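Peer 1: no sequence for this one, just the structure:
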Ligand code: KIV
């Protein structure tokens, strides 16, 4: 898998970066074995796709440490980015440093991801200063879903676009090694991507970002109705799982499994 030190050079060479979410050891093992994925993201989306919550807000540091540790167990050599969950870094710098450190020391993360610009930039600078690589996250920030008015496109007004570009520039200056741009217009994503030396990783933000990330459950067909419209489903593993369970049940009932 890719090293953080190579990420900027990949952008300079115009090579697209690929990130997918993983929350379990088995998923991490399969994704790492493809050799096609640059980074694994232990997203707090785990709360919505695995734990059944409506938002990512209930996800805790303990959840994130447990899932990050599982992903590290499945992919010992991977570049693993772990999300800092809701209110795990906003209370103070001490709290932010301790929690970022927990994800590295106890979870085995290679880097952490923080949603937000503005006041979050100073926190990012301190965490990077402590030797912990940080990925930024701008645009739709699911932890702020109530403040942002729902899961919808962000930075639609010129003033909001100016703020987002300023936040992205400030995050780069603070030492972030990449920035996720979620649900912003193709034009805005393109403008940010051109302005920054560090790569942008898009989700629902058009094709011009330096890389793309999706929630793995969405590409595998596990999300049903809740798959966001911008995500593309590449397989129907929900149907395969249903078929396998049905075949097992039928064979048990027909006395075909187990064989003597
Ligand atoms: O939590 C997550 O999976 C994310 C991605 C959607 C970027 O932050």
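Peer 2: Structure received. Not measured: the values here are computed from a predicted model.
Peer 1: What separation is there between residue 178 and residue 248?
Peer 2: Distance, residue 178 to residue 248, using Cβ to Cβ, to the nearest Å: 43 Å. Heads up, the C-betas are built off the backbone N, CA and C, glycines and all.
Peer 1: Neighbour count: those two, which is higher?
Peer 2: Comparing residue 178 with residue 248 by other Cβ atoms under 10 Å, the one with more neighbours is residue 178, at 29 against 11.
Peer 1: ok, now which ones touch that one?
Peer 2: Shown in contact with residue 178 (Cβ atoms under 8 Å, 6 or more residues apart in numbering): 7, 17, 135-136, 198-201, 210-211.
Peer 1: Out of these, who's the most crowded?
Peer 2: Counting neighbours by other Cβ under 10 Å, residue 201 comes out on top of the contacts of residue 178 with 30 neighbours.
Peer 1: Point me to the helix or strand that includes it.
Peer 2: Per DSSP states H and E, residue 201 falls inside strand 200-203.
Peer 1: Distance from the chain centre to that strand, please.
Peer 2: Relative to the mean C-alpha coordinate of its chain, strand 200-203 is positioned 10 Å out (Cα atoms, centre = their mean, to the nearest Å).
Peer 1: Mind listing residues that contact that strand?
Peer 2: Outside strand 200-203, the residues touching it (Cβ under 8 Å, 6+ apart) are 17, 19, 135, 168, 178-183, 189, 192-193, 208-214, 230.
Peer 1: Of those residues, which belong to strands?
Peer 2: Those of these mapping onto strands are 17, 19, 135, 178-182, 211-214, per DSSP state E.
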